[in-house]
Structures are given as C-alpha cells and as structure tokens.
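Trainee: Starting from these lines, generate the structure:
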Amino acid sequence: MLLVIILIAIVGALLWKWLDIRSLDDLKTRFGSLLSGNGQHPLSNVFLVDEKSTRHGGELVASVLKAHNVQEIFTLCGGHISPILVASEKLGIKIIDTRHEVPKNEKDRMGMAFGIGTSVTTVFAADAVARLRQSIGVAAVTAGPGLTNTITAVKNAQMAESPILLIGGAAPTLLKGRGALQDIDQLVLFRPLCKYAARITRLRDIVPTVREALKAAVEGTPGPVFVEFPVDVLYPYQLVVKEIGFNPNAKGLIQQALNVYLRAHVSRQFGGAWANDQEITPLPTIIPRPKEDQLSQLISLIRNAKKPVLLLGSQSVLPPIPAAELAAAIKALGIPTYLGGMARGLLGKESDIQMRQNRRDALKGADLTILAGTVCDFRLSYGRVLSKKSNIVTINRNSSQLTKNEKAFWNADLAMLADVGLTLTRVAEALKINTPKFTEWIDELRTSENAKEAANLKKMDDKPADGHLNPLKFLSELDKVVILLIGNASLITRYHFLSQTLSDDTILVADGGDFVGSAAYIVRPRGPLQWLDPGAFGTLGVGGGFALGAKSDHCQAVYPDRPVVILWGDGSCGYSLMEFDTFTRHKLPVTAVIGNDACWSQIAREQVPMFGSRVAIDLARTPYDEVAAALGGYGVVVSKDSKDSVEETMKKGMPISFPFTVEKGIRREQSRSFCPYQRAHRNDGLQRGFHLCLK
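Mentor: Down below sits the predicted model:
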C-alpha cells in the first residue's frame with residue numbers, strides 16, 4: 001500500500017511539475033491532444049505544442065512591454081535578442097540602436113551571428129528615460145560581452161535608484177555551461193546589482209516573469225532588474241528543432257534515448273506558450289506611505305522651528321506625486337531649500353526659498369534639518385556637517401539609506417520610511433491654514449548667498465595667465481543664451497522653435513568632474529526633471545546615453561521640440577563622443593558643450609601639489625570640432641580672439657567647442673575647462689549635432 005501511495009505521489013508530482021497539469025480538465029485536454037491523430041510528435045501533443053506555428057518568444061516579451069506603456073527600447077543589436085527587437089518594432093515600440101563594433105562573425109550551435117560591443121550607452125539611455133518620464137526604461141543587449149559592458153551603467157542606475165529593465169540574451173538552454181559562444185554565468189554578475197534577476201527557460205514563463213520584473217523595478221525603492229533570455233526561448237519552434245541536434249539516423253538505445261530527451265526538452269520548452277489566459281497588464285505596486293503619528297510629529301517640529309532647512313534629493317521627484325505638485329507644496333511650506341540630483345530645477349531657475357551656496361553654514365545654524373531623499377553619505381560628509389543642536393528628520397523609501405551612518409556621526413530625531421513626495425504634500429496640506437513664516441532666517445541665508453554669488457562674479461572677470469578663455473565667464477554667458485541658438489526660429493524653422501519661450505524647456509545633461517563642478521553652480525536647470533547627472537556613483541561617460549534617452553523621450557508627441565544640452569568635460573566626452581553618430585543616424589538634434597583643457601583637472605588639482613607629478617593626467621588638445629564634423633555634426637572653434645560673443649556665435653546656428661585653461665575655479669583654485677557642441681538644421685532636413693571649441 002505504501003508503495004502504491006509513493007508511486008501515485010511521484011506520478012502526481014511529475015504531472016504537476018513536468019506537464020503543468022493542474023486539474024482533471026488539464027489531464028483530459030492532454031489525452032485528447034495525444035489521441036487527436038494530427039500528425040505531430042506525441043510529445044508535442046502531450047505538451048500542447050503547435051509544431052507549425054511561426055510565433056516566437058520575442059512576441060510575448062513585446063506584448064508585455066507594450067502593455068506597460070514602454071515606448072522605446074535602447075539596444076546593442078545581436079542575434080540573441082533579434083526576435084524581441086523585431087516583435088517590439090511591429091507593435092510600435094521604437095528601437096534605438098547605439099554605437100558599437102561587431103567582430104568577425106562567429107556562429108554558435110543555433111547558427112546565428114552574434115555581435116559584441118559598447119552596450120553601456122543603452123543602459124544610460126534607459127536610465128534617462130526612466131528618470132524623465134517617471135516610469136520604466138528598457139535596454140536590450142546581446143549575451144556575454146554585450147551584458148558585461150553594461151555593468152557600470154547598471155550599478156549607476158542601482159545607486160541612482162532608477163527603474164530600468166535590462167534584457168539580456170544567453171546561450172541555448174541545453175548548451176549552458178558547455179562552452180557555447182558567449183556563455184557565462186550572467187545571473188551571478190547581476191544579482192548583486194538588481195532588485196530582481198531571473199532566467200527564462202520556458203516560453204510560458206516569459207509573460208509572468210517580465211511582469212514581475214517590471215513590478216519590482218518601480219515598487220518601493222526603484223532600481224534595475226534583469227531578465228535573461230536563452231536564444232532558444234526566443235526563436236520559432238521549427239528553427240529551434242532544426243538546430244537542436246536530433247540524430248535522424250539514431251541507432252542503438254543511447255542515441256534513441258537522446259533523441260527522446262531532446263524532443264521532450266523542446267516540447268516542454270514550447271508547451272503552453274500561447275495560453276490565452278495570461279494577463280499582460282501591470283501588476284499592482286506598493287509605495288511606502290507616511291504613518292499618521294510620524295506626520296503629526298513632523299508637523300509639530302516645523303511649527304516650532306525658527307531656522308529650518310530642507311534638503312531635497314532625487315527620491316523626492318519619484319511618482320506618484322507629480323513634480324509640479326511637489327514644487328507647489330515646497331513653496332507653500334516656505335522652508336529654505338537646497339536641491340540635489342534630479343530635484344535640481346524643481347523650484348525653477350529662481351526661487352526666494354532656494355539656496356545654492358554656503359550649505360554647510362546653513363546646516364550649522366539650523367534648528368531643524370529635513371533630509372528628504374537626501375542621504376548622509378560622502379556628499380554630507382557622512383552626517384558630520386549636521387548640527388548636533390538641530391532636530392533631524394530623515395525621509396526615505398530605502399531603509400538602508402534612511403539612517404546611513406547614523407549613530408556614528410549624527411542622530412535622527414524622526415526617521416520616516418516613506419515616499420518623500422507623499423509626505424511633504426501631506427505636511428503642506430496640514431499647515432496651509434497656519435503656515436509658519438521664516439522670513440528672518442531666509443533673509444540671513446540670502447545675504448550670505450548674495451555675498452558668495454558676488455565673489456563668484458568677480459572670478460568670472462579674471463583673465464587667465466595662459467591667455468585662454470575663462471570658463472566661468474563662458475558658463476555664465478552660456479546660462480543666459482544656450483537655448484537661443486537652439487530656439488532661433490529663423491535658423492531652425494522646421495522645429496518651430498521660439499527663442500523667447502524654449503529656454504524654460506532645456507534638459508541639461510551633466511557628465512564630467514571638474515567642468516560639472518563649475519557648471520552645477522552657474523548653469524541652472526530651468527524647471528523640474530531637467531537636470532541629469534550620474535548620481536551618487538559619480539560615473540563618467542553618462543553624457544551620450546543620457547542625452548540619447550532624454551531626446552528620444554521628448555521626441556514623442558508630448559515634447560517633440562524640447563532641447564537637450566550635454567555639459568561635457570574633455571575627459572568624460574571620450575567615453576561616449578561616438579554617440580554623435582547615433583544622434584545623426586536617428587536624426588536627434590543634441591547640443592553638447594565640452595570643456596577642453598587637455599587635462600584630467602580634478603585629479604591634477606590633488607596629484608600635482610601632493611606628488612609633484614603630472615603622470616597620466618595630461619590629454620591632447622584634440623580638435624573636437626573636427627570630430628563632430630566627421631560624425632555628421634558641425635563644429636567651430638571659439639578662442640579669446642573670436643570677434644563674436646558667445647550669444648552671437650551661438651545665434652549663428654553653429655556648434656561650439658572651447659578648449660581652454662583658467663587659473664581659478666569656483667570651489668577650489670586650479671583649473672576649470674570645457675568645450676561645447678551645438679546642433680543645426682541642414683538643407684536636406686537631417687538634424688545633426690554641433691561642436692564648438694574654446695581656446
């Protein structure tokens with residue numbers, strides 16, 4: 001009796017696990033298919049496989065992405081993922097391919113050619129889309145090197161808390177670990193970087209797995225997710241069967257058994273692939289909301305404060321609260337505010353309550369410090385800049401970031417594991433009838449702010465001893481006129497730009513060390529979600545990808561004419577300058593400003609005084625204007641001898657690249673540098689990038 005029970009249990013487990021039989025109706029369906037006499041292999045009938053179907057797994061992936069309102073996929077093309085790209089394009093999802101190099105064609109057991117290359121740009125672009133559209137960004141890359149090249153960008157997205165889906169190809173399931181082309185353990189690389197990582201082995205698992213991944217990316221603290229697709233779950237049944245390795249002349253028990261095993265494998269792999277009852281719409285997500293007792297405590301702290309300071313980080317502009325609604329709440333609270341990361345520009349170019357200078361002094365004098373999505377990491381000296389006399393409130397979705405370095409250097413009086421936007425809008429609503437005024441405190445900070453700004457203005461008049469342009473002066477002029485070139489209706493009538501109205505639409509992409517350090521103080525975002533920088537990881541090389549994502553996003557119906565400007569250092573531009581080829585091919589007008597002082601200046605400022613050596617820090621004064629032209633853009637050089645002002649030069653519709661060196665920067669003494677690109681309209685209608693060089 002026990003043996004019978006064990007046998008029944010084994011059979012039941014096999015039916016459940018191997019054949020996915022969940023009911024008597026399922027069992028009847030399988031027997032009916034097996035006895036149908038339709039000419040298919042018996043195992044195909046048992047697993048409900050349609051051997052004549054030309055459909056493929058890429059269609060399932062595309063259908064889920066479409067249902068989640070994914071509008072574009074950034075890709076490094078490769079045979080592993082071609083079905084996803086083709087199916088997505090058919091559903092109206094835009095496919096944007098970045099620059100890469102393909103080696104000599106090789107073929108694996110599936111008989112496909114696979115490319116490898118610099119796929120990091122695809123993830124940077126998806127990251128930009130995720131931030132600007134406040135949804136999900138998608139990148140798809142080929143296996144092996146295609147995926148390993150994305151690791152830096154995925155880590156950057158993790159630390160920036162950007163919801164992106166990375167789709168990766170992989171070797172066929174049966175060849176896993178057998179030395180197939182570009183076959184490595186990819187999951188072990190991405191599990192530490194991603195909130196969710198999964199490998200698809202059966203077509204019926206594609207829809208639920210992709211839905212779960214997309215949910216994980218945006219739920220709680222947003223972040224990257226990864227789904228691996230072996231090539232044989234993406235291509236049509238007949239092609240997989242053709243390449244799987246059946247022996248048509250099998251002789252002997254072992255060869256015949258191998259054929260049966262292969263047939264069972266492919267049948268189970270395709271079994272139930274096109275089930276009609278699979279839901280493809282988004283799964284519900286959970287966003288941490290503030291607790292009522294903590295809200296009351298925060299409201300009380302604000303009412304009793306005389307010198308409060310609010311520090312807003314990138315998390316503050318996450319959904320569900322729209323940026324405009326959050327900005328209104330911040331203004332209603334009237335608390336002096338410092339903006340960082342994606343929160344830059346939230347209060348517009350000018351605001352009475354926004355402060356940009358002397359943050360350390362403000363924190364030292366504050367009696368209430370609210371860290372709203374701001375983390376006590378290196379950017380706040382690990383919390384050491386916070387006053388011991390101040391009440392400290394921290395609001396964050398991420399429990400590990402909420403109290404980072406607490407007890408070591410600072411102590412939280414109130415730690416709220418909640419969404420920043422939901423919290424602050426609730427507080428503003430509660431205080432709207434009797435909002436406290438902080439006029440004297442604001443005036444005190446504004447006086448200090450104005451003094452610092454005046455000192456910076458004096459530095460802009462300095463004339464560098466080497467005769468090159470003063471980058472601070474140029475940045476100041478750029479802040480006033482950068483959009484005039486892009487928006488001059490007489491020059492670019494095709495895009496209906498108006499020079500007096502487009503300046504508030506500019507999206508700024510910051511990619512550099514020394515240069516961005518200056519630009520962050522001078523070139524100011526015009527509005528919410530209009531500043532893109534790498535975030536806490538400090539990654540160089542985001543410029544080309546971020547600009548591609550920003551321009552692709554806003555080339556949709558909502559903002560077809562929105563200008564995008566890259567602020568590049570000459571070191572950082574080397575990572576993604578080739579994307580000007582991408583901008584040209586996809587007809588995406590992008591402006592770039594490259595700081596060219598022929599040096600890794602941020603490193604030089606420490607290394608030279610400390611060690612008296614310039615080893616590995618000097619670069620060549622590369623003529624980036626010529627590089628831009630070679631890639632299909634435009635470029636001119638502007639030097640101290642140029643007759644036109646920055647505004648006049650830019651109004652000509654020519655790109656600008658400025659290599660120069662100066663002696664003093666805003667934050668430290670030594671050099672600042674850069675060089676701009678512009679975009680223009682060519683007579684044949686092709687939108688092209690511009691380059692301008694400062695000397």
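Trainee: so the closest residue to Leu165 other than its chain neighbours, which of the three states?
Mentor: Spatial nearest neighbour of Leu165, chain neighbours left out: Val138 (4.8 Å); criterion: C-beta to C-beta, 6 or more residues apart in numbering. From N, CA and C alone the C-beta is placed, and that goes for glycine too. What DSSP: H, G, I helix; E, B strand; the rest coil gives for Val138 is strand.
Trainee: all strands of the stretch 501-650 of the chain, in order?
Mentor: 507-511, 531-532, 564-569, 591-596, 634-638 (DSSP state E, counting those that start in this stretch).
Trainee: quick check, distance from the host helix or strand of Leu147 to the centre of its chain.
Mentor: Element membership of Leu147 [criterion: DSSP states H and E] is helix 145-148. How far helix 145-148 lies from its chain's middle: 17 Å, per C-alpha atoms, centre = their mean, to the nearest Å.
Trainee: Quick one: distance of the helix or strand following that helix to the chain centre.
Mentor: Once helix 145-148 ends, the next helix or strand along the chain (criterion: DSSP H and E) is helix 151-160. Between the centre of helix 151-160 and the centre of its chain there are 8 Å (C-alpha atoms, centre = their mean).
Trainee: which residues touch helix 151-160?
Mentor: 120-124, 126-127, 130-131, 164, 166, 189-190, 193-194, 223-224, 226, 314, 341, 534-537, 539, 541-542, 545 (C-beta atoms under 8 Å, 6 or more residues apart in numbering).
Trainee: So which of those residues are in strands?
Mentor: Mapping the contacts of helix 151-160 onto strands (DSSP state E) picks out 164, 166, 226.
Trainee: Throw those residues into a markdown table and include pLDDT, neighbour count and distance to Gln530, thanks.
Mentor: Shown next, in a markdown table, are the ones in strands among the contacts of helix 151-160 (pLDDT from 0 to 100; neighbours: other C-beta atoms under 10 Å; distance: C-beta to C-beta, whole Å):
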| residue | pLDDT | neighbour count | distance to Gln530 |
| --- | --- | --- | --- |
| Ile164 | 98 | 32 | 20 |
| Leu166 | 98 | 29 | 26 |
| Phe226 | 98 | 26 | 29 |
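Trainee: what about the residue lying closest to Gln357 once chain neighbours are set aside, helix or strand, and which?
Mentor: In space, and not counting its chain neighbours, Gln357 is closest to Lys452: 3.9 Å by C-beta to C-beta, 6+ apart. According to DSSP H and E, Lys452 maps onto helix 439-460.
Trainee: Kindly format the C-alpha coordinates of that helix as PDB.
Mentor: The C-alpha coordinates for helix 439-460 follow below in PDB (Å, rounded to 0.1, in the frame of the first residue of the first chain):
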ATOM      1  CA  THR A 439      11.400  85.500   6.900                       C
ATOM      2  CA  GLU A 440      14.300  86.500   9.100                       C
ATOM      3  CA  TRP A 441      16.100  83.100   8.600                       C
ATOM      4  CA  ILE A 442      15.600  83.300   4.800                       C
ATOM      5  CA  ASP A 443      17.000  86.900   4.800                       C
ATOM      6  CA  GLU A 444      20.000  85.800   6.700                       C
ATOM      7  CA  LEU A 445      20.700  83.000   4.300                       C
ATOM      8  CA  ARG A 446      20.000  85.200   1.300                       C
ATOM      9  CA  THR A 447      22.500  87.800   2.500                       C
ATOM     10  CA  SER A 448      25.200  85.100   2.700                       C
ATOM     11  CA  GLU A 449      24.100  83.700  -0.700                       C
ATOM     12  CA  ASN A 450      24.400  87.000  -2.400                       C
ATOM     13  CA  ALA A 451      27.900  87.600  -0.900                       C
ATOM     14  CA  LYS A 452      29.000  84.300  -2.300                       C
ATOM     15  CA  GLU A 453      27.500  85.000  -5.700                       C
ATOM     16  CA  ALA A 454      29.200  88.300  -5.800                       C
ATOM     17  CA  ALA A 455      32.600  86.700  -5.100                       C
ATOM     18  CA  ASN A 456      32.000  84.200  -7.900                       C
ATOM     19  CA  LEU A 457      31.100  87.000 -10.300                       C
ATOM     20  CA  LYS A 458      34.400  88.600  -9.600                       C
ATOM     21  CA  LYS A 459      36.200  85.400 -10.600                       C
ATOM     22  CA  MET A 460      34.400  85.500 -13.900                       C
END
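Trainee: what comes up buried for it?
Mentor: 441-442, 444-445, 448-449, 452, 456, 459-460 (16 or more other C-beta atoms under 10 Å).
Trainee: how far away is the residue nearest the centre of the chain from Asp205?
Mentor: A centroid search over the chain (C-alpha atoms, centre = their mean) returns Asp127, at 1.1 Å, as the residue closest to the centre. Counting by C-beta to C-beta, to the nearest Å, the separation of Asp127 from Asp205 is 27 Å.
Trainee: just to revisit the earlier point, closest to Pro172 among the ones in strands among the contacts of helix 151-160?
Mentor: Looking at these and their distance to Pro172, the nearest is Phe226, at 19.0 Å (C-beta to C-beta).
Trainee: Identify the residues contacting Val70.
Mentor: If you count contacts by C-beta under 8 Å, 6+ apart, then Val70 has 93, 136, 138 around it.
Trainee: repeat that for 10 Å
Mentor: By C-beta atoms under 10 Å, 6 or more residues apart in numbering, the residues touching Val70 are 62, 64, 88, 91, 93-94, 126, 129, 135-138, 165, 214.
Trainee: most surrounded residue in the residues you listed?
Mentor: Counting neighbours by other C-beta atoms under 10 Å, Ala126 comes out on top of the contacts of Val70 with 35 neighbours.
Trainee: residues contacting that residue?
Mentor: Ala126 touches 70, 72-75, 96, 136-140, 150, 153-154, 157, 162-166, 224, 545, 548-549, 552, counting by C-beta under 10 Å, 6+ apart.
Trainee: picking up where we left off before, the residue nearest to Leu165 contacts Leu85, doesn't it?
Mentor: No. In this structure, Val138 is not within contact of Leu85 by C-beta atoms under 10 Å, at 11.1 Å.
Trainee: Overlap in contacts, the two.
Mentor: 61, 73, 75, 93, 167.
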